[in-house]
Each structure stands twice: as structure tokens, then as C-alpha cells.
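Engineer: 3D model of this:
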Amino acid sequence: MKDLSNENVIHIKKDNCQYLQFRKLLQYDDVLKHAYGLKPANFKTGANTNNEENIESYKKLCKCIGADYNKLVKTNQKHTNVVKSVEIVENNISSEEVRYKDTDGLITNKNGVVLATLNADCILLMFYDPVKKVIANVHSGWRGTFQKIAINAVNKMVNEYGSNPKDIICCICPSIRKCHFEVEKDVKDMCEEIFGYMNEVNEFIEYRGKKDGVDKWVIDTVMINKIMLRDMGLLEENIIDSGICSVCDSDVVHSSRVEGEGYGLGTALISIMFD
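Structural biologist: Sure thing, here's the model as predicted:
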């Protein structure tokens, strides 16, 4: 398996577990635990959430990074722009999926809570405010991006936890990139309608040409999220992109477009632990 390490992430192979960690977040490793899980692990959802193999995958990754599996929380992710705070943990993944139904982002400042999101091409955003000791984990597929869930997450960190946007770090996990996120006119038009005000619109929407007689465009949803975060006041140096395309590196990263029906899922985990 190839090594995905680059200037922003480290590819770690440990105890039969493979995952990425962001160099920026590792500066806070005394209190912050995080990872993006890679193949061969497959983190399932829905009816398979409490599957023994799934639970073992989560336990193994949590153990590798020093996080507490018993405090893991995740949502059922429905491509919404809903972000909720986590105050208590039920110690049962399936009950958390009910508690956070139709939710795609989680925020907490509670000690030891592990926030989890899943993807197989969609963007996952891990946030950390080292001043207020607040973390967030957000699933932002193209629908979530168009609904500006990243803005909702930052607003919630600011309004409910007292964060200053200049202190917030956001790390962008592997996802489908402009090179492969091909859409037709309906999605392109929607993107232009929502984000046409951005000066960079001609950079993140590009005409690809005709395929089987149908016009196609590519959209850079990662760039759109970066612009939204910048406009919310995050510093450029605090917006850290893994730079990894889930399609280009589908031998290592799960991709629904490559794997098709029955595709696997990667996970992003983040937890804050303090005395």
C-alpha cells in the first residue's frame, strides 16, 4: 500500500491499523487525539453500526491514537447542514445515531468525547480551537457544502463556545477533488446560484466537455469550503488540506464512485483530553 504522507499529513501504519494524522494537530497531541482511518478498515453505518467487525475497527483505531472508544459519538449523516453540541455520551453508537438523527456535524468541549464522521468521497472537516479547547467534526458532501454547513459549525463554535475564528484550526480530510467531481448542468447551475458571488467562481467551476453527448462540469468543493472558512475569519495557515483525492488514491481511501454499490467508508475521529 502506498504512503500518503505529505507536507500536511503523516500516513501511520501501526498495530495492523492504517490512518492519517495532520502535522498541525499533532502539535497539540498532549490534549488532542485524532485520525482519519484508511483501508483495509471499513467503518459501517446504519444496520451495520453494531456489527462486531465494525466495533472492532473503531476500537482498534481509538486504541492506536489513545482515544476512549466508550465515549465515541457519531451521527447518521443525512447530507444536512445541522450541527449539534455533544454534552453527554450514551456509550452506545446506535443510540447516538438516534440522538443525533439527521445531523452532519458535532461539536463539544467535553473531556474525552470522541467525535466521529464517515465518508467515501465527501469532505470531512475536523476543527480545533486550542484556546477555548473546543472540537468539531463535520461531514460536508456537495449537498452539505451547498448548504454551507462549515459556516454553521464555525458560527456555533463562536456563538456557543466563545471561539475566535482566528484561533480555529480546520483540517480537510481526503475526499473527491475537482479532478473527479464531475456533474451535469443542474448541479453546476445550483453551485453558480449559491456561490456566484465569490471572486473565484471561475476557478472552482470548470467546463469539462461532453460525455456521451451530455455537457459535464467539474466542481472544486474543497476550494469552496476553504473560501467559506477564510471568509468566516479563519487564518489561511489554519486551514490545512490533506490534498488527497479519494478517487485518485482509491486503493488506500474509500471512494463510492470507484467502489460502487456496497462501497466502504473511512472515518475521521477527534477527541480532546485534559486534566
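
Engineer: residue contacts, the residue nearest the centre of the chain?
Structural biologist: Among the residues of the chain, the one closest to the centroid is residue 124, at 1.0 Å (C-alpha atoms, centre = their mean). Taking C-beta atoms under 8 Å, 6 or more residues apart in numbering, we find residue 124 in contact with 36, 117-118, 137-140, 172-173, 175, 266, 268. For every residue, glycine as well, the C-beta is placed using N, CA and C.

Engineer: could I get the residues you listed as JSON lines with secondary structure?
Structural biologist: Converted to JSON lines, the contacts of residue 124 look like this (DSSP: H, G, I helix; E, B strand; the rest coil):
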{"residue": "36", "secondary structure": "strand"}
{"residue": "117", "secondary structure": "strand"}
{"residue": "118", "secondary structure": "strand"}
{"residue": "137", "secondary structure": "strand"}
{"residue": "138", "secondary structure": "strand"}
{"residue": "139", "secondary structure": "strand"}
{"residue": "140", "secondary structure": "strand"}
{"residue": "172", "secondary structure": "strand"}
{"residue": "173", "secondary structure": "coil"}
{"residue": "175", "secondary structure": "strand"}
{"residue": "266", "secondary structure": "strand"}
{"residue": "268", "secondary structure": "strand"}
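
Engineer: what's the next secondary structure element after the lowest-mean-pLDDT helix or strand in the chain?
Structural biologist: Ranked by mean pLDDT, DSSP states H and E, the weakest helix or strand in the chain is helix 93-99, scoring a mean of 64. Where DSSP states H and E defines the elements, the next helix or strand beyond helix 93-99 is strand 105-108.

Engineer: that next one - contacts with which helices or strands?
Structural biologist: Applying 3 or more C-beta pairs under 8 Å, 6 or more residues apart in numbering; DSSP states H and E, we find strand 105-108 packed against strand 72-74, strand 83-85, strand 114-119, strand 134-140, helix 149-161.

Engineer: how close does the residue nearest to residue 244 when sequence neighbours are not counted sit to residue 133?
Structural biologist: Taking C-beta to C-beta, 6 or more residues apart in numbering, and ignoring the residues beside it in sequence, residue 244 has residue 174 as its nearest neighbour in space, at 3.9 Å. Residue 174 sits at a distance of 26 Å from residue 133 (criterion: C-beta to C-beta, to the nearest Å).
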